Each structure stands twice: as C-alpha cells, then as structure tokens.
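In: pasting the sequence and the predicted model now:
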Amino acid sequence: MILAVLFANSVGNVLIERFNGVPAEERLTWRSFLVKLGAENLKGVKNEELLVACHKSVYIVYTMLGDVSIFLVGKDEYDELALAEAIFIITGAVKDICGKPPTERVFLDKYGRICLCLDEIVWNGLLENTDKDRIKRLIRLKPPSEF
Amino acid sequence: MDLISADPTPVPAKSSSSSASASASSTPSPAAASAGSHVNQPMSTKTTLGEKKSKRATLMQIQNDTISVAKAALNPVKANIMMPQRQRQKKKPVSYTQLARSIHELAATLDQKSSQKQLVNHVFPKLAVYNSVDPSLAPSLLMLNQQCEDRNVLRYVYYYLARILSDTGMSPGGGIPTPNWDALADIDAGGGVTRADVVPRIVNQLTSEASNSETEFHARRLQALKALTYSPSGNSELLSKLYEIVFGLLDKVADVPNKRKKGVFGTKGGDKESIIRSNLQYAAMSALRRLPLDPGNPLFLHRAAQGVSFADPVAVRHSLEILSELAARDPYSVAMTLEKLASPAVGALQDILHLNDVLARVALARLCHSISRARALDERPDIRSHFNSILYQLLLDPSERVCYEAILCILGKYDNTERHGLESSFRSFSRPVLHAAARVVQEMGKSRAAAFAMGLQDIDESVHVNAFSDVLDDAETNDSSHPEGIRRTSSISAGPGRNETIASLLASLMEVVRTTVACECVYVRGMVVKALIWMQSPHESLDELKSIIASELSDPAWPAALVNDVLLTLHARFKATPDMAVILLEIARIFATKVPGKIDADVLQLLWKTCLIGAGPDGKHTALEAVTIVLDLPPPQPGSMSGLTSLDRVSASDPKSALALQKLVQAAVWFLGENANYAASEYAWESATPPGTALMMLDADKMVAAASSRNPTLAGALTRLQRCAFSGSWEVRIVAVQALTTIAIRSGEPFRLQIYEFLYTLAEGGVQSQLSEMHLSNGEDQGVSGTGLGVLITPMLKVLDEMYVGQDELIKDIRNHDNANKEWKDEELKKLYETHERLLDFVSLFCYIPRAKYLPLGPISAKLIDTYRTKHNITASSGSTDPTVLATGISDLIYESTQPAPAASNSSGLDDDLVNAWAANLGDDGLLGNNAPAMSRVNEFIAGVGTDAPDVDEENVFSRPSVGYDDMWAKTLLENNELEEDDARSGSSSPDSTGSVESSISSHFGGMNYPSLFSSKPSSQATAKSSGSKYQSTYEGYGSPIREEPPPPYSYSESQSRESFENPMAGSSSRSYGSDDDEPRKSTVTRFGTALYDFTAGGDDELNLTAEEELEIEYEVDGWFYVKKKRPGRDGKMAGLVPVLYVNQS
C-alpha cells in the first residue's frame, strides 16, 4: 500500500497530498514528519536524487524536483525499491507536464494536469500505470491501448 | 496563467503574474510570494474581514480561519503553511465561489466551444488546487458528464466525481484548505447540498456508464468504473453492485482465448476488437484489485486466474497480486487453478518473467513462495516444483526489487548469484537500493540467528544455514527436478570446501556492508547497523561492531527514533540468541553513554530486564554488572575525562543530555533495586540464615565480609547502591535509598542488617565514626554526610525496626514457651499472626514481596503461622490473585512489552529456559504459579507475543478503593513526631536491644494508644472519607487482640497492598491519586454557553460548531472546551473539543 503521496514546496507547505489507509488523526503527524524530514535533508540535494527513510516497517522515499519536494510513504510490497520505482514515474510525469523540473509557479499552473496524472499513477494506494504514453492517453480520456 | 483568480476578467500581464503568485501562495508559500514579492505586502486579516463579501464568502473565511487556527494550534509546521493564506484573502476574495459559479454557468452553455475551453484551461485546473470538492457542484458535473463531448472536460469531470465519492469530509488533498461542505450546507450556504444527497445520483450515473457496452464509449467506461472504486468500501450495496459490474464485464471479455504475444506489451498492433477487449480486461481487473478479497469464492479465483493471461501488463500485475494474496490464505485452490498455467508446457507464468513490470514479478515471487511452501500441497510435488523453479529464476531478475523479494522468499538457501547481486548493490549510489540491500542482509542475519538458535549451525558456518531451512521446510525433499541448472544445496551435500566458500562469501558480504556505513544517509546507516547486529555471531569479536556503533552515535544527525529502533533491534537479537545477553548489554551501554539524550529509558530498561532474565544462572552476575556499569560513569564534566577511553566517554556536554543521563542513572539504580535479588538469587523467604545469626555479626567489618563471601553479586550491587546514595545527585540518592530498602526487605541476613546499618547511618548524618568504619571496611569513598534523606529514610528504617522488634519479641516468646514447656494458645497465635500480617502490609508499602511466603518475623515464625492458618482455615493470599503482582517489577515487564519491539523472525528461538528462569526464582513460591494469569503474560512477553497488556493494569489502578496508602502514609507521618521524641530509644531498639524497647513502637501500631489517629485523619484526606468506615472497622481488629471471632476476611489487606505499590520511576503519586483527580472535574458545576462562530472539526476528537448553537461545557483543557450539544450535529456527533474562544460562556 502506498500510504501517502505528498508534494510540498521548498518551505514545507503541502501542495498535493493523497493519503490511503491512514487514519485521519495520523495524517497530521505524517504530514509534519515528512515536511520536517524534507527540511532537514533536502537542502542542496540534486534533482531527482532519491533519499530514503524508514519508520518502523514503513518506508519513505523522497526527492526534490525543481522547487517541489515529493514524498512517498509505503509499506508491505511498497518498500524502498518499489517506492523508488513509483517516484520515478511520478517525477517523470511531472517533468513531462511542466517541460522541465518545475518552479513552484509552473507547478501550480499545471496543477490540474498533475492531479490527473497522479490519479492515473497511484490509484487507491496501489501503483497503477507506469507507462508514460499510457498515462498521457488516459488523462485525455483515451483508452490505454489504441487501435 | 492566473491560477486562482479564475474569472475571465482580463488582468494586466505584469500584475497577473504577481497576483497569481500571491494567490498561489494560498497553497502557500513565501517562495511563491518571492516571485512577486515586490507587489503585495500582506495587510492584517482584520481589514480583510471588514470587506464586504457575500454571506458565503464570509462563512468560508471563518471556516478557513478556523481550520488554520486549529491546525496551527496542533502543529507549528502547519501554521507556517497557513500564514500566506491571509495574503491571498487580502488580495483576492476567495475565488472558489466564482469557480463554482463558472462551472454552473459553463455547464449550462456547453454548446459553445469557448465554454469547454474555459472549463479545461481555467476552471477545472484551478478547482483542483482546492482541498476538496463541494458536493453542490455534483449536479453540474453530472450534467457535463451527460452532455459534453470534449474528452478533456470529461476526464476532469470523472476526476471530480471520484473525489466527491471518495471524500468523507476528512480526506483533504493538500492545496488550499476548504471548509467542511456538509457542515456548511447545514447553514444553507451552498443550497444545502450534502454528499449524502448527491452520492446516489453519481453512483447511478457512473454505474450505467460502466455497463454501457458501446464500442465508442469504452474509454469512458473505464473511467466510470475507476471513479466508482473510489467510493468508500463501507457501502455494501455499492460493493455488490461493483462486483456485479466487474464480473459482468469479465464474463464478456475474459473467456475469449487470447494469446499474448511475447515481448509486446499490448500497446500496439492487434485488431480493434482485441484491443478493446484488452482495455476492458484491464479496467475490470484493476477494479477487481480494488475490491475486497473474496477468498472463498471460486468465481473470484477463477476470474483472477484468467487475468494472468491477459494482454494488458497492468491487468496481469493486478491478477498476480490478487492471486498472491489469495495464495497466502488458500494455497491449495490457487495452485490447482494455476496448475496448467504454471507448467512449463503452457508457460503462462514463465512469460511473466519477461513482462516489463517489476511489481508483477514481485507478486509472482510471492505467489510462487506461498505455493511452493504450502503443506497442503505435499501430495503434489510436481506443482510445487514448477513454482519453485520460477522462484529461482526470479533470483536472477535484473530488477533489485524482484531479486530481493526472491531472496527473502527463499532465505537461507543462498546461491552465489544472490550474494554477488547484493554485493554490487552495496556499491550502488542509490539510497533506496542501499537501504533495501541492508535490509535483505538483516533478514539474512535473522535467518542465521534462527539457525543458531535451532542449534543447527556451528561456529564459523561449518554447517550451512541450509540445514535450518531444510529441516523446517521438508517441502524441499524433491529438489532433484530443478530445471535450468539451479542447484540446491543441502546440508547433506555440503562438503567442507563448500563451507569455506560460504564463510568467505559471508565475510566478503559483511565487508561490503561495513563500507556502506560510510553512506551519508542516516537511515541507510541505521539499517546497516541493524544488519550488522543481526549478522554478528556470538562467537566473533564484537570490537569492530562496538567501534562502528560508537563512531556512528557521535554523529548528531541520528534522530532519536532511529536510535531507539536500533536498541529494539538489540532486544530482538537478544530474544533470538539469549547467549548474547552480555555482548548486547555492552553495546547498549555504548548507547547509554554516547547519546543519553536520545534513548528512551524504558527501552533501555526493557533490554536490561530481558537480558537479565535471559542470561541464565551463570550469566546473571555478568548481566547485572553490565547494567551497573552505567552507574560507574563519572558525571559528565567536560574536560575531566582524560583518563577515559573514548568508548566510555560521556557525551553529555549540554545540560539536556546531562539530565537525560541522570534519568538513565536513576533508571539503572531503580532497576538494580528491583532486580538485584533476582540476579543474586537471594531471597529472604529462601534464606537459610536464621535471624539469630545476624545478631552475631553486628560488627560491621564481619558483616560486610560475610555478605560478600556469601553472595558477591548482591554485595556488589549493594556497594554500588550505597555509593549512589551518597554521591549521586539528589534524585539519584532518593532512588538509591528506595532501591536499598527494597533489597533489604527482600534479602535475608546479613544483607538486611548491612543495609539497615547503612540506612541508619545515613539518616543520622554526621556520625563520622560509623562512616569511617564503613569507609575502611569496603574501600568506598562515602562522600560527605548530611544527605538530607532523613525524612525519606525514617519510614523505611521504621519498617525494618518493626521487623526486628517483631523478631526479637517472637524469639523471646518462643523461649518463654519452651522454658515453661507451654503450648501456644490460640490468642497468642492470633496475636502473632496479626503482627505478621501487619508487618506484611507495611513491607508491601515499599516493595513487592510474595505474601504467601514472606515471613517478616523470620523463618522461625513459619511453623506457628502455619498452625494458626490451618486452625482457622485461612488461605494465604496467593500470588495469582494478588494485584500487587501487577503493580511492580513483573508488571513492568508486561507493561514494557507494549513497546513497539520489532518482532524477531524467530522469537520462538527463545525456549522454555527463560520461562523457567522466572518460574524457578519467583514462580516456585506459588506466586507466579500454575494458573496465574500474570505468568502467562510474562511467558507471552518472553515469547514476544504480548502487545496489549497494560489495559488491565490501568483499570486496576483506577478502580482500586483508595484505602490503604494514604492512610498508612499519613500514619507514618504522624508517627514521625512520635519517633523523634523517643529517638534515642527507637534508635537503639535495633536488633541488639532484644525485647527491651519493643513496646515503644509496636504499641503505637497497635492503635489503641492513639485513637485520634484515625478520627482526625479523614478530615484532611478526601480518600479516607469514602472508605474510612471500612478501614476503621477492620483496623480495629489489630488493636483488639482479645477479640474472639476469627480475624476479618483480609479483604482489607488485599486492597491495602494494592494501593501501596509504587514504582519510583513511574510517578507513583499521579497514579495513586488518579482517582482523586477525577473527582473535582466531575463535581464542578456544568457551565453553559453558545457558539460564537462556526467551527470545523480538525480531528476526530473535535466537534463541528454552528454559530448560535447552545452548548454544555464539560471542562476545559489547554484552551479547548469539551462541550456537549443539545442535539447531534449533522455529522452525528454530540460532544467533542472546541476552541475556548469560539464559545461564549453564559
């Protein structure tokens, strides 16, 4: 289960968050934990360089893309490596939409499309589509395979 | 493009960007603000409020403010986020309303091209920025859904419909916070539409779309089905509808034979019909994956299994994931269903090996693992071997994720390839890869430890771990049939040469693991340290590990949680290999000295305790020594540590960690007091020394010499504690004195006497002659006198005094009887018994003792008391029902078991020996006996099972009638004055003054001389009031030895001792007075009030408020009222927390 996908800006404000299977009262804790983790470790990290953390049996993989930091929290089959895979797809999609590692401004401009992409990549806490073209088609309401 | 100011109103280019960034910064951000910082500076929120706004906007403003206030209160980080929101509000009044209005308008004018453009480019993307979607938008969205042709518009429509479906009011999506729509609808701001109103309509429309079989429609069908799966799973009606749709879909598309082309992943080629089918297969399988598993349903299994041969790779992955989950529960039927697919002839599963989807292969590995290990399949070795061979092929997978999964699945049966894979992983630059590799090594270590524990592995890997897994896993008996040259190793075939390779391979692997410690990421290093701890063999030198850990801990970057996690790893490691107790304690010591501020004293105590119990009879002394080493640490004084090695150096230069270190020392002292007797196997109730012997040893020198020769462990502990009582800080001294008393009460002579002597000296202060005597005797520097502990020590001394006096009197009585050759009369026995019980009660005030066995009057009294008991048919209060069991050391053990301890993979490796260790030393006194629930909990704990122990304990604490402790305590205080008056007498009344002074104190406790004692007390102590009468009546029993009726049923002493237990480390006062604390709260007069503003609950314990609502205020906590409503709000909640400022108290 991918417990959380969270986008934050460089000062720790949450831009997008999607929690799955996390009780409402724990979300705040997770949110601040992730933001703190980012604030402590993401300074001076290269774009898309993956960082990892774990808390009990929950894994966290996070990275920086332009002005935006992206956090993924997972457990069970979504361990560091699977999350690394997922975050790679997410960063790829974001870069495709924004054309380059986004500034916060660009990110917010493309916010709608990013949400749609995310919707296709992580669906109810499970990784869904991983193929770029497929995601592109799906967010335009085209079938995943075309004839 | 301007994000929030949605309106088509043209804005000048320059200011557009700045206003955008200002509004964007709603989601908040100084960073965005910096983009256009030259423009808007925020003004105060108050002026914003003053602006004219629609009613709705004002309400939302309040809502938003509320949320931000509430969240700010909860979390400073969040406060940061909310700040810029005010800027936005100042700059541009909430544009959500405008967005919503635009949607309504544009939905109505859909026929115009421009409307669609507007929707796709402006309205929908901006709406996404908001946290959640207003249900009142649903009608327009549904209209768009029906009428619009534009794919992009429709995609957004599905997105928002899904969000409305999934949104339970509490699942924000980040971005700009939105109000609780349902609460808002209550006050008729948005036309009164709530989720409950619109969800059925949405579901209906989506259901009909999902069942639409038109070819052109199938893309929408996919999305409709997807949106439906977002609805919360609690709705069973919807769920059955979904099952129906999915199975209906699969009925149509799954049964057509569909040969997948290898290497082509279904994206291109093929005819239209088959592509559409494959798309629908994908949609159905994805939806099925999100539906709850239906294990008993053959149709479910059948459909899932069909998915394996679908053309769409994602569908295949989902199908495998479903199957692997099913196989974990019912491997047999899954294996039977998959029998054909797995056989190499058909090769459907083999094809998946080439599928370009990592997670699909991971699921395959899990599936193969479950099936190849299933005992249910013992009769079908052929099937198992098929799955096994696939599993081994997965070991060679290019993806680390898959490879590790396979390694973990077949852990213990190494092949060289894996290790090479791992070794290269450790040279990777990717942190996730490093982390995962370290984790895999840790798992290997666990399996190795398990092998050791099973006794299947000798030193230096002379027998390969294989042995372990083969024994456990007789599934592997048919290993001859492995294709592709995958050779399984077994212990039988393992020649010496092979062993060397394994040892060297392991060594080289460890080498790489060690180099990884240099990684700059703490979490990776943490995992590596854990891996090292697990790979550490009990027979290897641990110097390297120690130095690694020591140097690691010097890095301030380690977060406390991680440090404690490593400590818990030590704990788990210990449970796997009890032999390593001392080694592990050594390591734990490094933690205590290096980072005292970061480790949790509870975790450390847990470790100590488990190690002590597990160390076995021989190791107990060493284990206790290892604990007490913490005490030997010099107080942290920068600059004065030149003589110490780097390992012992206390890194507590700042006051905070110095404080933490002191806490640890306190914990260690307490631990010592509680457990020294256990470690030394010295118990008063098992002591062979008759009390008379002690009197022979009054000379301090002889006494100490006798003590240390008799039991060096206990003597050592005493010495340490004595030193702490002198030279520690004030807090440490208190705990040390308490610990000494505990030991005094629990130990036999001469230890009790030694401690008595010491305490007495301590209480006297200033008596240098005695001090210097002791100084000479045990070579300790006793420090200065005048410890200021007199008040604390006096009651302790008095209990000991009482005991000695009682003993003296008893000996005297016995002599009298013997000399006169008299039988003991019932009255005399009764008196003796009462003294015995009374002393037990007193002793129980200080520490736990087994009431059934403890003899405060010495072993001599045993016979007489037994006689009395049999005569009057009194059963000694047994340990099993004795709540005191729950209140001290043992319950600590249970309590601590709730600490999140990483489950050792093989906690069963810890066998009955440990349990016996308890049973032998504490259990055999009938205390933890056969049927004692506490015992089974201890067992559970030791076996690593217990998790939810303390509930009962807590309940007891609060439900206890608060009789004993306060009264007893008050009595001791009152007695204090008395004691000081005849100080000289009571001072000399210690053992040597046989019988001369016994009347001085024992008569006080008889109670007849001081009738006012109890009548005066209740007025000062509220607790006594409630139960005073009961107390008094029972207590009279003590004071009137002439009474003829059998003694009271001892319920009194039970409840008293319940109350009396205190854990010096656990803030006893708060516990024992806990019931009192509740009282004022309840008794306060209920206040009433009205809600001033609307308030949206920010958490489960909070309550939604609507302005003007009438409330009953229950109590106040930290700026929050706990209030009750007159009638339940829309969310059905009646009571909860609201900010004080939102309520007008009437």
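Out: On my side now, so go ahead.
In: does A:I70 touch A:G92 like I think?
Out: No. Counting by C-beta atoms under 8 Å, A:I70 does not reach A:G92; the two are 11.4 Å apart. Where C-beta positions appear, they are placed from N, C-alpha and C, glycine not excepted.
In: pick out the residue of chain B closest to chain A.
Out: Closest to chain A within chain B is B:P125: 2.7 Å, counting by C-beta to the nearest C-beta.
In: what sits against the residue nearest to that residue when sequence neighbours are not counted?
Out: In space, and not counting its chain neighbours, B:P125 is closest to A:G112: 2.7 Å by C-beta to C-beta, 6 or more residues apart in numbering or on different chains. By C-beta atoms under 8 Å, 6 or more residues apart in numbering or on different chains, the contact set of A:G112 is B:124-128, B:156.
In: just want the residue of chain A that's nearest chain B.
Out: For chain A, C-beta to the nearest C-beta, closest residue to chain B: A:G112, 2.7 Å.
In: and that residue, how far from B:Q223?
Out: Per C-beta to C-beta, to the nearest Å, A:G112 is found 16 Å from B:Q223.
In: how about B:A744?
Out: Taken as C-beta to C-beta, the span from B:A744 to B:Q223 is 77 Å.
In: listing request: residues of the stretch 201-350 of chain B with sub-threshold pLDDT.
Out: Scanning the stretch 201-350 of chain B for pLDDT under 70 picks out B:255-270, B:345.
In: do I have it right that A:L108 meets B:V129?
Out: Yes. Here A:L108 reaches B:V129: they are 7.0 Å apart, a contact under C-beta under 8 Å.
In: out of these two, which sits in the more crowded spot?
Out: Of the pair A:L108 and B:V129, A:L108 is the one with more neighbours under other C-beta atoms under 10 Å in any protein chain shown, namely 30 against 26.
In: the more buried one: what secondary structure?
Out: helix (DSSP: H, G, I helix; E, B strand; the rest coil).
In: for A:A53, same thing?
Out: Going by three-state DSSP, the secondary structure assigned to A:A53 is strand.
In: let me see the contact set for B:Y156.
Out: Contact analysis of B:Y156 by C-beta under 8 Å, 6+ apart lists A:112, A:116, B:119-120, B:124.
In: what is the burial count for B:D378?
Out: 11.
In: got it, and B:F1088?
Out: By other C-beta under 10 Å, 15 other residues sit near B:F1088.
In: give me the nearest residue to B:V799, chain neighbours excluded.
Out: Nearest to B:V799 is B:F842, by C-beta to C-beta, 6+ apart, at 5.0 Å.
In: point me to the helix or strand that includes the one you found.
Out: Under the criterion of DSSP states H and E, B:F842 resides in helix B:826-846.
In: downstream of that helix, the next helix or strand is which one?
Out: Following helix B:826-846 in sequence order, the next helix or strand is helix B:861-872 (DSSP H and E).
In: by contact count, what packs against that following helix?
Out: Helix B:861-872 is packed against helix B:826-846, with contacts defined by 3 or more C-beta pairs under 8 Å, 6 or more residues apart in numbering or on different chains; DSSP states H and E.
In: identify each buried residue in the helix it packs on, please.
Out: Residues of helix B:826-846 classed as buried by neighbour count (16 or more other C-beta atoms under 10 Å in any protein chain shown): B:828-846.
In: cool, and stretch B:215-232?
Out: B:218-231.
In: could you do stretch B:348-364 as well?
Out: Neighbour counts using 16+ other C-beta under 10 Å place B:348-353, B:355, B:357-364 of stretch B:348-364 among the buried residues.
In: now, which of those lie close to chain A?
Out: The subset of the buried residues of stretch B:348-364 within reach of chain A, by C-beta under 8 Å from any C-beta of the partner chain, is B:357-359, B:362-363.
In: format the residues you listed as a markdown table; extra columns: secondary structure and pLDDT.
Out: As requested, those are arranged in a markdown table below (DSSP: H, G, I helix; E, B strand; the rest coil; pLDDT from 0 to 100):
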| residue | secondary structure | pLDDT |
| --- | --- | --- |
| B:D357 | coil | 84 |
| B:V358 | helix | 85 |
| B:L359 | helix | 87 |
| B:V362 | helix | 88 |
| B:A363 | helix | 89 |
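In: dump those residues into CSV; add distance to B:L377 as well.
Out: Shown next, in CSV, are those (distance: C-beta to C-beta, whole Å):
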residue, distance to B:L377
B:D357, 27
B:V358, 27
B:L359, 25
B:V362, 22
B:A363, 19
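In: is any residue of the host helix or strand of A:V73 near chain B?
Out: Under the criterion of DSSP H and E, A:V73 resides in strand A:68-74. No. Strand A:68-74 lies out of reach of chain B by C-beta under 8 Å from any C-beta, never closer than 9.9 Å.
In: whichever helix or strand comes after that strand and chain B, are they touching?
Out: Once the chain leaves strand A:68-74, the next helix or strand it forms, by DSSP H and E, is helix A:80-98. Yes. For helix A:80-98, a contact with chain B is found by C-beta under 8 Å from any C-beta, at A:80-85.
In: most neighbours, which of the residues you listed?
Out: Result: A:E80 is most packed of the residues of helix A:80-98 next to chain B (other C-beta under 10 Å), 32 neighbours.
In: mean confidence for the helix ranked longest in chain B?
Out: Across chain B, the longest stretch assigned as helix under DSSP state H is helix B:790-820. Helix B:790-820 shows a mean pLDDT of 82.
In: list the helices and strands it packs on?
Out: In this structure, helix B:790-820 packs against helix B:691-696, helix B:730-746, helix B:751-764, helix B:826-846, helix B:964-981, helix B:998-1006, with contacts taken as 3+ C-beta pairs under 8 Å, 6+ apart.
In: worst average pLDDT in the ones you listed?
Out: helix B:998-1006 (a mean of 34).
In: so B:V843 makes contact with B:Y854?
Out: Yes. Applying C-beta under 8 Å as the test, B:V843 and B:Y854 come out as touching, 7.0 Å apart.
In: tell me where the chain has strands.
Out: In the absence of a named chain, chain A is used. For chain A, the strands defined by DSSP state E occupy A:2-8, A:14-19, A:51-55, A:58-65, A:68-74, A:122-123, A:126-127.
In: to clarify, I was referring to chain B.
Out: So, for chain B - with DSSP E - the strands run B:1087-1091, B:1110-1117, B:1120-1125, B:1135-1139, B:1143-1145.
In: reformat the ones you listed into CSV and put distance to B:Y760 and mean pLDDT next to each item.
Out: Below are the strands of chain B laid out as CSV (distance: least, C-beta to C-beta, whole Å; pLDDT from 0 to 100):
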stretch, distance to B:Y760, mean pLDDT
strand B:1087-1091, 55, 85
strand B:1110-1117, 47, 84
strand B:1120-1125, 52, 85
strand B:1135-1139, 54, 85
strand B:1143-1145, 58, 83
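In: got JSON lines for those strands, with distance to B:V737 too?
Out: Below are these laid out as JSON lines (distance: least, C-beta to C-beta, whole Å):
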{"stretch": "strand B:1087-1091", "distance to B:V737": "46"}
{"stretch": "strand B:1110-1117", "distance to B:V737": "36"}
{"stretch": "strand B:1120-1125", "distance to B:V737": "41"}
{"stretch": "strand B:1135-1139", "distance to B:V737": "43"}
{"stretch": "strand B:1143-1145", "distance to B:V737": "49"}
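In: a markdown table please, covering the ones you listed and showing distance to chain A.
Out: Formatted as a markdown table, these follow (distance: least, C-beta to the nearest C-beta, whole Å):
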| stretch | distance to chain A |
| --- | --- |
| strand B:1087-1091 | 23 |
| strand B:1110-1117 | 17 |
| strand B:1120-1125 | 15 |
| strand B:1135-1139 | 12 |
| strand B:1143-1145 | 23 |
